[in-house]
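In: Fold the following, please.
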Amino acid sequence: MAMKVTVDIDLCQGHSVCLGECPEVFDVVDSDEGYPQVVVLLEHPGEELREKVEKAAQYCPNHVITIEED
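Out: Model (predicted):
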């Protein structure tokens, strides 16, 4: 099964933990409000990135990353 990665942007505080765990899937940029916020670069990453994406979700301080099975 393929995975789909989503982030609750309203709750993201831009700590950049996800970027450190999986830069292939996540980036952190300045938002219009002037604070950092995560951007999902690959909404459907390959299976080879699953472990890194799962760690990003696990270690996210605000627990705003969701992995769904498509």
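In: which residues in this structure form strands?
Out: In the chain, the strands defined using DSSP state E lie at 3-7, 26-30, 36-40, 65-69.
In: Just confirm Val7 contacts Asn62, I think it does.
Out: No - contact criterion Cβ atoms under 8 Å: Val7 and Asn62 do not qualify, at 9.7 Å. The C-beta positions use only the backbone N, C-alpha and C, and glycine is treated the same way.
In: In the helix ranked longest in the chain, which residues have enough neighbours to count as buried?
Out: In the chain, assigned by DSSP state H, the helix with the most residues is helix 50-59. Within helix 50-59, the residues that qualify as buried are Lys52, Val53, Ala56, Ala57, counting by 16 or more other Cβ atoms under 10 Å.
In: check contacts around the closest residue to the last one other than its chain neighbours.
Out: Distance criterion Cβ to Cβ, 6 or more residues apart in numbering; nearest residue to Ala57, sequence neighbours excluded, is Ile65 at 3.9 Å. Taking Cβ atoms under 8 Å, 6 or more residues apart in numbering as the contact definition, Ile65 lies against Val5, Thr6, Val7, Cys18, Val38, Val53, Ala56, Ala57.
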